[in-house]
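Enquirer: Take this sequence and fold it.
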Amino acid sequence: MNEKIAILTDSGSDVPADIAKELGIFVLPLQVIYQNRSYLDGVDIDAQSVYDRLPVEVPSTSLPTGEYVDKILKQIKEQGYTHILAVVLSSGLSGTCNFVRLMAQESKIPFHVIDTKNIGIGSGLSVIKAAKLVKEGGSFNDVIAKVEAITQKTKVFFVLSTLEYLKKGGRIGKVMALLGTTFDLKPIITCNEEGIYTTVTKARGRKASLKRLQELVYEFTKDAAHVNIGFSHGDAFQEITVIKEEMLTHLSAKNVYFGQVSPALGVHTGPGLIGIGVQIDE
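Expert: So this is what the prediction gives:
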């Protein structure tokens, strides 16, 4: 039987919309929930709208709706796919992964779920890699094995302007939030082996933290022949553009991606996010 493999992900994996369209990636949007209305992440709300409303109301986020899941699965079935590979953001940061695993258990066709243990473009790099392997004609089992291996060589590092929104979302300790406010200490954050936020190091002030962020990427890739890299920002286009241009003179980048974070991630990180996802791809 010829395999036709659908690649499925979530909006929290931050695959740029043009890349998702080009590679035929199916995206489940998370929900952005305000008191008077819920929105589908990246479908009927954008990140800038979230930032503009933060002084008035900080929304919550939630899993994709059952209605939208049914819609996506129907599309996959109607387009004749025989297998589904879901590559999703960390189960340590969202219930989405477990939600998709429940979908897989109910599936009538082979359906495998990979927990990237990552978030944002760090997760998105593995999604894109999976879609490219499928385009190249890889078998279901071969694509699974290669994507599971490359997720071990994929990291995201990011810096925030404020820890306020991570604190409100319960995703960072109050002590760290207080330190950041009191001493202008900026943690450089990544995901650990369990896919949970952890602080790699701290720097005092914005300029020093962005310099340290770049150094961490260089350290991670120092022995790599080729890397895939994604630059992601939260209402910080000019800063990330300068960083991108500088870093690409030092790295042998196989593929480069660029974009603003999804609205749902913007809820938890606030404006001023600078994130870099990097993947060693020999």
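Enquirer: so who does the closest residue in space to residue 230 that isn't next to it in sequence touch?
Expert: Spatial nearest neighbour of residue 230, excluding adjacent residues (Cβ to Cβ, 6 or more residues apart in numbering): residue 121 at 3.5 Å. The C-beta positions use only the backbone N, C-alpha and C, and glycine is treated the same way. Applying Cβ atoms under 8 Å, 6 or more residues apart in numbering to residue 121 gives the contacts 13-14, 156, 230-232, 257, 259, 275-277.
Enquirer: Which of these sits closest to residue 147?
Expert: residue 13 (12.5 Å; Cβ to Cβ).
Enquirer: quick one: the closest one and residue 127 touch, right?
Expert: Yes: counting by Cβ atoms under 8 Å, residue 13 does reach residue 127; the two are 5.3 Å apart.
Enquirer: Give the intersection of the neighbour lists for those two.
Expert: Common neighbours of residue 13 and residue 127 (Cβ under 8 Å, 6+ apart) are 87, 116.
Enquirer: Remind me what the helix or strand hosting residue 40 packs against, helices and strands.
Expert: Per DSSP states H and E: residue 40 is located in strand 38-40. The helices and strands touching strand 38-40, judged by 3 or more Cβ pairs under 8 Å, 6 or more residues apart in numbering; DSSP states H and E, are strand 31-33.
Enquirer: Please name every helix or strand in contact with the strand it packs on.
Expert: So strand 31-33, by 3+ Cβ pairs under 8 Å, 6+ apart, packs with strand 38-40, strand 60-62, helix 263-269.
Enquirer: got the CA positions of the last one in PDB?
Expert: Taking C-alpha atoms only, helix 263-269 is exported to PDB below (Å, rounded to 0.1, in the frame of the first residue of the first chain):
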ATOM      1  CA  PRO A 263      -1.100  34.900  19.700                       C
ATOM      2  CA  ALA A 264      -1.300  32.100  22.300                       C
ATOM      3  CA  LEU A 265       2.400  32.200  23.000                       C
ATOM      4  CA  GLY A 266       2.200  36.000  23.000                       C
ATOM      5  CA  VAL A 267      -0.300  35.800  25.900                       C
ATOM      6  CA  HIS A 268       2.400  34.100  28.100                       C
ATOM      7  CA  THR A 269       5.500  36.000  27.000                       C
END
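Enquirer: Check which element follows it along the chain.
Expert: Downstream of helix 263-269 (by DSSP H and E), the next one is strand 274-280.
Enquirer: And for that next one, what's in contact with it?
Expert: Contacts for strand 274-280 (Cβ under 8 Å, 6+ apart): 118, 120-126, 129, 150, 153-159, 210, 213-214, 217, 220-221, 224, 226-234, 236, 239-240, 243, 247, 257, 261.
Enquirer: Okay, now the sheet partners of it, with direction.
Expert: strand 154-159 (antiparallel), strand 227-233 (antiparallel) (DSSP bridges).
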